[in-house]
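Trainee: I'd like to go over a predicted model; first the sequence, then the structure.
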Amino acid sequence: MGREIVRVPPGFRHPTNANGDPVPGAHLAVLYGTDARDRTAYQIYENVSEGSPESPVFNSLAELVSWLIAQGVSRQSAEAFVEGGSAPSFAVQLPKRK
């Protein structure tokens, strides 16, 4: 894949190591034990590896769209990402078979 929107509790902090660096995939165990009703906020994660946060936590999808636009993403692309919930890192187009 590439990037996906993950539902997290408001104020969620991704687990870090002793140096303060995010531990890829460590959010999965934390979120697994969290009731889905408590995961009302949104955060973008890369999911090419085990998953690391790519954005702050947002209380609404509108805030997430505004942040993406501030990062240089077009409104159309930001809204499409939010609607789809994920976006690939890249796409490969194979040649047509003869």
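Mentor: Nice, I can see it.

Trainee: just say helix, strand or coil for Leu31.
Mentor: Of the three states, Leu31 takes helix according to DSSP: H, G, I helix; E, B strand; the rest coil.

Trainee: and it, how many neighbours does it have?
Mentor: Using other Cβ atoms under 10 Å, Leu31 has 17 neighbouring residues. Heads up, the C-betas are built off the backbone N, CA and C, glycines and all.

Trainee: can you tell me how far it is from Val8?
Mentor: 7 Å (Cβ to Cβ, to the nearest Å).

Trainee: got it, and Tyr45?
Mentor: 9 Å.

Trainee: what do those two both touch?
Mentor: Counting by Cβ atoms under 8 Å, 6 or more residues apart in numbering, the common neighbours of Tyr45 and Val8 are His27.

Trainee: buried ones in the helix or strand Ser66 falls within?
Mentor: Assigned by DSSP states H and E, Ser66 falls within helix 61-70. Across helix 61-70, burial judged by 16 or more other Cβ atoms under 10 Å covers 64-65, 68.

Trainee: which other helices and strands does it contact?
Mentor: In this structure, helix 61-70 packs against strand 41-46, helix 75-84, with contacts taken as 3 or more Cβ pairs under 8 Å, 6 or more residues apart in numbering; DSSP states H and E.

Trainee: and the residue most central in space within the chain, what's its pLDDT?
Mentor: The residue lying closest to the centre of the chain (Cα atoms, centre = their mean) is Ile44, at 1.8 Å. Ile44 is assigned 95 on the pLDDT scale.
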